[in-house]
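*Asks:* how would this look folded up:
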Amino acid sequence: MTVTDDKWKFYADKKGEWKWTRKAGNGEVIGIAHEGYKNIIDCMANAILSGYYFGKELYY
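*Replies:* Modelled structure (predicted):
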């Protein structure tokens, strides 16, 4: 598996807080946000600490 195989999902939960999920190429969840964020920029900043980088394919 390479980093380019990973898929990142950014979404607002039922409380309206932003979270992220990282999935490996095989679909296995390999990372999640452990807390919600009031805005997507803070959420993305947290994802960067787990390997996300801007320009990476993502979906909402």
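*Asks:* could you use CA atoms for every contact and neighbour count after this?
*Replies:* Noted.
*Asks:* and the residue most central in space within the chain, bridged to which residues?
*Replies:* In the chain, the residue lying closest to the centroid (CA atoms, centre = their mean) is residue 20, at 3.2 Å. In this entry, residue 20 is beta-bridged to residue 10, by DSSP bridges.
*Asks:* these two touch, right, it and residue 9?
*Replies:* Yes. Using CA atoms under 8 Å, residue 20 is in contact with residue 9, at 5.4 Å.
*Asks:* picking that back up, separation between the residue nearest to the centre of the chain and residue 11?
*Replies:* Computed as CA to CA, to the nearest Å, the residue 20 to residue 11 distance reads 6 Å.
*Asks:* repeat for residue 31
*Replies:* 14 Å.
*Asks:* same thing with residue 46?
*Replies:* Distance from residue 46 to residue 11, by CA to CA: 14 Å.
*Asks:* and for residue 53?
*Replies:* Taking CA to CA as the measure, residue 53 falls 17 Å from residue 11.
*Asks:* what do you get for residue 24?
*Replies:* Distance, residue 24 to residue 11, using CA to CA: 18 Å.
*Asks:* and residue 57, what pLDDT?
*Replies:* On the pLDDT scale, residue 57 is placed at 57.
*Asks:* quick one: low-confidence residue ranges for this structure.
*Replies:* The chain contains residues with pLDDT under 70 at 1-4, 54-60.
*Asks:* need the strands for it, in chain order.
*Replies:* Counting by DSSP state E, the segments of the chain that form strands are 7-12, 18-23, 29-32, 58-59.
*Asks:* most tightly surrounded among those strands?
*Replies:* strand 18-23 (a mean of 20; mean count of other CA atoms under 10 Å).
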